[in-house]
Structure formats: structure tokens, C-alpha cells
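Undergrad: Provided below are the primary sequence and the corresponding predicted coordinates.
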Amino acid sequence: MKAMGEMEEGDAVFGSNAEVVNFDSEWRDKYRPRKPKYVNRVHTSYEWNKYNQTHYDHENPPPKVVQGYKFNIFYPDLLDKATAPTCFIEKDGTRGDETCIIRFHAGPSYEDIAFRIVNKEWDRSRKNGFKHTFDGGILHLYFNFKRHRYRR
């Protein structure tokens, strides 16, 4: 009160300590580190290579194989909306070279989120379903794995 000076005509007390504490707790609740919501899909199908064609048929199909993934991760309350979330591929120490870890990092107010995926080469062409965009607070990452065709 000393720093602000004496109250003059037309001045009124604005707020109280209780409101400041309430605002502080609302801010903490909204921007505390939390995991983002997500909807993910795994694309699996049959791989009809030469071996499977000779040993299996449509009545007795081969085992399904992972063909790709679709990740939709929701970041509605990002502090810095100008920078898009990023993803990193890390080695998976527990399973060797079969799988790897994909980690999504968005920055303040969200914790990192990670998933274990199959470790194969990605097909990055749009024609084959690759999509990596961040719009409307949603990160879309869709990719399929490269298919290596057998040729003589």
C-alpha cells in the first residue's frame, strides 16, 4: 500500500489475496506437466510373398504383419503454439533390433509420451500414406513401412 500511495477519490480495492491464490492454483492446474491424450492405430495385414503364397491360402491365411502406424496426439493447451511438437526415434535396449521407441516431445505443459514400434524403414511418400502435420492442436503422424518386392 505504501508503494502505491494513499487511496484517492474514485479508487477502490481490486481483488483480495484469496482471489490471487485461486488464480495461481487455476494456472498451476492448467499448465502442470501432464500426458497428452492420444488415439493410435496399428495397420496390420497379410504379406503375400512367395513363401506365404506356396504355404498358405485364403482359407488358411499367414500370420498378420504390422504394415504401419497412425498416431493422433492432442495438445490443446501448448504454451508456445508456434513451435510444433517433434518426434524422436530411439533404440530399444530390451528387445534388440526388432523394435524401437518413438518419443513425442511438445514442450512446456506436456510430458513426453513414448510408444514401442516395429523397427523397419518408413515409406515417406505421400502417395503411400505418409503424413506428418500439426494443425489445430493435433499432431498427425501416419506412416507405412517400405515393402521390398522380390525380383530375380
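TA: Alright, I've got the coordinates.

Undergrad: can you give me the neighbour number for Tyr51?
TA: Using other Cβ atoms under 10 Å, Tyr51 has 11 neighbouring residues. Using the backbone N, CA and C atoms, a C-beta is placed for each residue, glycine as well.

Undergrad: how far off centre is the helix or strand hosting it?
TA: Following DSSP states H and E, the helix or strand that holds Tyr51 is helix 50-55. With Cα atoms, centre = their mean, to the nearest Å as the basis, helix 50-55 stands 37 Å off its chain's centre.

Undergrad: which strands and helices sit next to the following helix or strand past it?
TA: Next helix or strand after helix 50-55 toward the C-terminus (DSSP H and E): strand 65-74. Judged by 3 or more Cβ pairs under 8 Å, 6 or more residues apart in numbering; DSSP states H and E, strand 65-74 is in contact with strand 37-45, strand 99-105, strand 113-118, strand 138-145.

Undergrad: please identify the buried residues of strand 65-74?
TA: Gln67, Gly68, Tyr69, Lys70, Phe71, Ile73 (16 or more other Cβ atoms under 10 Å).
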